[in-house]
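**Q** Take this sequence and fold it.
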Amino acid sequence: MSNRAATIRRTTNETDIELTVKLDGNGDGTIATGVGFLDHLLAQFAVHGLFCLDVHAAGDRYVDDHHTVEDVGLALGEALSAAVGERAGIGRYGTATIPMDESLALVAIDLSGRSGSWVDAPLSGTIGAFDAELIEEFFVAVSRGGRMTVHARILAGRNRHHMAEALFKSFGRAMDRATALDPRRAGVPSSKGCLG
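**A** Numbering: from 1, shown residues only. Alright, predicted model coming up:
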């Protein structure tokens, strides 16, 4: 039905990642990064964005989780960019504000062809064994890999798990809207006739 999908293979001295995303999916997939909380967050992104997402990653976790989280973000951004192709006919913009109990998060995306990430998520310390500051690194990497603008904000919250989860649910919903096809649009969504 849809061929809006892409597979990215990223192999460095620090990580080995294979990631496949299908934009017009149903939220299914297999996610195994070796970082349990990252797996959980990516599942929220996929389920609430209705993306089919398969991620298999191995990283130098004897150092820490930084390289794995960052490189998975880069691979996801690259796969999303490849899946939308020339970006013709898409909505381009997507915004979602999602509650998770006491937490409230907002993500706004512009698939502009220009990377930029502005994250206002006061997450520090650990969430289980996960270093919470890696969430910002993830969004910076997605933006860079995907050539997109990402604004991600925690608007309210006390529980770090809830705040992070709300952020990734918002990310999924916003990305679904930005990548959605609009039958009224034939070309790229830009008054100048190109993106980037």
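
**Q** Looks to me like residue 167 is in a helix.
**A** Yes - under DSSP: H, G, I helix; E, B strand; the rest coil, residue 167 sits within a helix.

**Q** Would you state the strands of the protein in chain order?
**A** 5-11, 15-22, 31-32, 52-59, 93-100, 103-110, 116-120, 126-127, 130-131, 149-156 (DSSP state E).

**Q** Neighbouring strands - and their directions - for the helix or strand bottoming out on mean pLDDT in the chain?
**A** Every helix and strand in the chain was compared by mean pLDDT, DSSP states H and E; the lowest is strand 126-127, with a mean of 92. Strand pairing for strand 126-127, using DSSP bridges, gives strand 130-131 (antiparallel).

**Q** Could you give the number of residues near the spatially closest residue to residue 151 that is not a sequence neighbour?
**A** Excluding its sequence neighbours, the residue lying closest to residue 151 (Cβ to Cβ, 6 or more residues apart in numbering) is residue 108, at 4.4 Å. For every residue, glycine as well, the C-beta is placed using N, CA and C. Residue 108 has 19 neighbours, counted by other Cβ atoms under 10 Å.

**Q** Next, the contact list for residue 108, please.
**A** 93-95, 150-151, 174 (Cβ atoms under 8 Å, 6 or more residues apart in numbering).
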